[in-house]
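**Student:** compute the structure for the input listed below.
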Amino acid sequence: MAQNEKELMSVSALTRELHMRTVRNLYDQYLEQAKAEGWDYEKFLRSLLQAEYEQRLQNSQQKRLKTAGFPQYKYLEDLDRNELPKGVKPRLSELESLDFVRQGHNVVLYGNPGTGKTHLAIGLGIEACKNRMSVMFTSVPHLITQIKECRSQRTLHALETRFKRYDLVICDEFGYMACDKEGGELLFNHLSLRTDTKSTIITTNLSFDRWGEIIKDKILVNALVDRLTHNAYLINMNGESYRLKETKKFNQKLLQKDEK
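**Tutor:** Residues are numbered from 1 along each chain as shown. So this is what the prediction gives:
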């Protein structure tokens, strides 16, 4: 049989073979619309492919968000910018551009609890996911535990390979739990894999001169601070706790209600 006489596969079969689910699902709908509105072949094809592209983009974004491991979704647009500590306001638009990720610079968000450090870090991580960047979120205590487990299971090399490939790693809650010398060394070695090549965000409730309270080895602490702060954005997040403000507002409403 001549080539042009071969039986053509159906659109449904072709799109299934080519893994074009959106085209398959929308084909009949778009075909009817094309007939009704007089689309030419190019517009019909382009519209279908555009829908497929946008759906794949959305699916990819959702996969990156899920893989990142955020404990919850906190968006930048939900930040009350008027309530943010003064130290972050001048740098916020610069951080939102994500140029620090593209340039491999670190960000250290330091300050007392409840001032929006984790919210800001997650918000930036979500924006990075939306911009097709790979992101990992972890707490520092969890990361140290994970490193120790992988070392004992002899899978540390695989963990290190994945860790240094992420466009952005967010290490939350440095300073809430002390770690032993071994944990400090493992953390230092792990974070050093990304030095000057990939971006890391650290959130901490401690100023740098207090990091020795968490890692008792002074030389190791100095080396860690030096690596993390080289060409980094150091953002002072000290201010009144959001949670404390909300508690005050809540109790004020209760008082007003009682007075009525």
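**Student:** and Ile201, that's in a strand?
**Tutor:** Yes: using DSSP: H, G, I helix; E, B strand; the rest coil, the assignment for Ile201 is a strand.
**Student:** number of nearby residues for it?
**Tutor:** Neighbour count of Ile201, defined by other Cβ atoms under 10 Å: 29. Every residue, glycine included, has its C-beta placed from N, CA and C.
**Student:** isn't it right next to Leu168, touching?
**Tutor:** Yes: look at Ile201 against Leu168 with Cβ atoms under 8 Å: they come within range, at 6.9 Å.
**Student:** touching both of those two, which residues are there?
**Tutor:** Listed as contacting both Ile201 and Leu168 by Cβ atoms under 8 Å, 6 or more residues apart in numbering are Leu124, Gly125.
**Student:** contacting residues around Leu244?
**Tutor:** Leu244 neighbours (Cβ under 8 Å, 6+ apart): Gly114.
**Student:** tell me which element it is part of?
**Tutor:** In the assignment (DSSP states H and E), Leu244 maps to helix 242-259.
**Student:** likewise Pro85?
**Tutor:** Per DSSP H and E, there is no helix or strand for Pro85.
**Student:** now do the one 10 residues further on
**Tutor:** Remark: Leu95 resides in helix 92-96, with elements defined by DSSP H and E.
**Student:** tell me which strands and helices that helix is in contact with?
**Tutor:** helix 117-130, strand 233-236 (3 or more Cβ pairs under 8 Å, 6 or more residues apart in numbering; DSSP states H and E).
**Student:** just the buried positions in it, please.
**Tutor:** Buried residues in helix 92-96, counted by 16 or more other Cβ atoms under 10 Å: Leu92, Leu95.
**Student:** after that helix, next one along is what?
**Tutor:** helix 99-102.
**Student:** buried ones in stretch 170-177?
**Tutor:** Ile170, Cys171, Asp172, Glu173, Phe174, Gly175.
**Student:** got those residues as TSV, with distance to Thr161, pLDDT and secondary structure columns?
**Tutor:** Output for those, formatted as TSV (distance: Cβ to Cβ, whole Å; pLDDT from 0 to 100; DSSP: H, G, I helix; E, B strand; the rest coil):
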residue	distance to Thr161	pLDDT	secondary structure
Ile170	19	98	strand
Cys171	18	97	strand
Asp172	22	97	strand
Glu173	25	93	strand
Phe174	23	94	strand
Gly175	28	90	coil
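**Student:** out of everything not next to it in sequence, what's closest to Tyr73?
**Tutor:** Leaving out its chain neighbours, the residue that sits closest to Tyr73 by Cβ to Cβ, 6 or more residues apart in numbering is Ile126, at 6.5 Å.
**Student:** can you pull the contacts of that neighbour?
**Tutor:** With Cβ under 8 Å, 6+ apart, Ile126 has these contacts: Leu65, Phe70, Tyr73, Lys74, Tyr75, Leu76.
**Student:** pLDDT wise, what is it at?
**Tutor:** Ile126 is assigned a predicted lDDT (pLDDT) of 98.
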